[in-house]
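*Asks:* the sequence and its predicted three-dimensional model are supplied below.
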There are 2 protein chains.
Amino acid sequence: MFKDLDPLLHSQLRLAIMSLLMTLESAEFTYLKEKTNSTAGNLSVQLDKLSDAGYIHVEKSFKGKKPLTTCKVTPKGIKAFEDYVTALKQYINK
Amino acid sequence: MFKDLDPLLHSQLRLAIMSLLMTLESAEFTYLKEKTNSTAGNLSVQLDKLSDAGYIHVEKSFKGKKPLTTCKVTPKGIKAFEDYVTALKQYINK
DNA sequence: ATATTTTGGTTTATAATATAAACTAGTTTA
DNA sequence: TAAACTAGTTTATATTATAAACCAAAATAT
């Protein structure tokens, strides 16, 4: 009846992150922090989880002298997001 | 940017319960248990939470000699569900 | 009749999760 | 050169989801 909702995506902050990344070529840590209204700590943890799952790719470099963390959704992440949306629609489309 | 998702509804089991109740006049405990594939314990706890929030009304009676728990969504619950769906669409409609 | 299992739940213990607070390392500004 | 800011990470805490353990009554089997 109801398909399971991927617990990795069924989390407000991780969903917001993925939602943003689905529409962008890539996004910086500070951009995601601002757009999702999250604390740096929370964002850092959730990015790690998405990265560990292989849903996003995180690259650490430098912009001038400052650290720069850049995130990009992976094909696996895109598939997971799409599947999640499909599953979710069973719950909300009545 | 992203509206908050009502944490009471952003839970797989509670969302499934509400989803069912949105389309039914009312539903029995055993029916919800079967349709949501949940354990009785988990279902009982989540129904209490929805009830405490005023999202559903729970009535305990008897069917013959057996206990019967009947659930119904309230106007407040309908509103909350609709608001949740609206908010959620910001995350998934791209 | 009386154990035994089943039904319809509730209560409680545990494990997982989300989140912010505390921290780090380097950089800019006063 | 001290203070404050940037860009994060690590860790502690509080919340949450979930199943296990439990309960009372009813149905079934012996």
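*Replies:* Looks like it came in fine. Numbers count the residues shown, from 1 in each chain, chains lettered A, B, ... in the order given.

*Asks:* kindly list the longest helix within chain A.
*Replies:* helix A:75-92 (DSSP state H).

*Asks:* now it: mean pLDDT?
*Replies:* Across helix A:75-92, pLDDT averages out at 97.

*Asks:* orientation of that helix relative to helix B:75-92 in degrees?
*Replies:* 160 degrees (axes from the mean of the first three to the mean of the last three Cα atoms, to 10 degrees).

*Asks:* show me which residues of helix A:75-92 are buried.
*Replies:* For helix A:75-92, burial by neighbour count (16 or more other Cβ atoms under 10 Å in any protein chain shown) applies to A:77, A:80-81, A:84-85, A:87-88, A:91-92. C-betas here are computed from N, CA, C, even on glycine.

*Asks:* does any bit of it sit next to DNA strand D?
*Replies:* No. Figure legend: helix A:75-92 not in contact with DNA strand D (Cβ under 7 Å from any atom of the strand); closest approach 13.1 Å.

*Asks:* that older thread, for DNA strand C, state which of the buried residues of helix A:75-92 is nearest.
*Replies:* residue A:84 (12.8 Å; Cβ to the nearest atom of the strand).

*Asks:* which element is the residue positioned nearest the centre of chain A on?
*Replies:* A centroid search over chain A (Cα atoms, centre = their mean) returns residue A:18, at 2.9 Å, as the residue closest to the centre. Using DSSP states H and E, the element containing residue A:18 is helix A:12-23.

*Asks:* does that helix reach DNA strand D?
*Replies:* No. Shown here: helix A:12-23 not in contact with DNA strand D (Cβ under 7 Å from any atom of the strand), separated by at least 11.4 Å.

*Asks:* and the angle for that helix with helix A:75-92?
*Replies:* Interaxial angle, helix A:12-23 versus helix A:75-92 (the same axes, to 10 degrees): 120 degrees.

*Asks:* name the helices or strands packed onto helix A:12-23?
*Replies:* When contacts are defined as 3 or more Cβ pairs under 8 Å, 6 or more residues apart in numbering or on different chains; DSSP states H and E, helix A:12-23 packs onto helix A:29-36, helix A:40-52, strand A:56-63, strand A:66-73, helix A:75-92, helix B:75-92.

*Asks:* show residues contacting the longest helix of chain A.
*Replies:* Residues outside helix A:75-92 that contact it (Cβ atoms under 8 Å, 6 or more residues apart in numbering or on different chains) are A:2-6, A:8-10, A:18-19, A:21-22, A:50, A:53-56, A:73, B:15-16, B:19, B:84-85, B:88, B:92.

*Asks:* distance from it to the middle of the chain?
*Replies:* 13 Å (Cα atoms, centre = their mean, to the nearest Å).

*Asks:* good, we can wrap up now.
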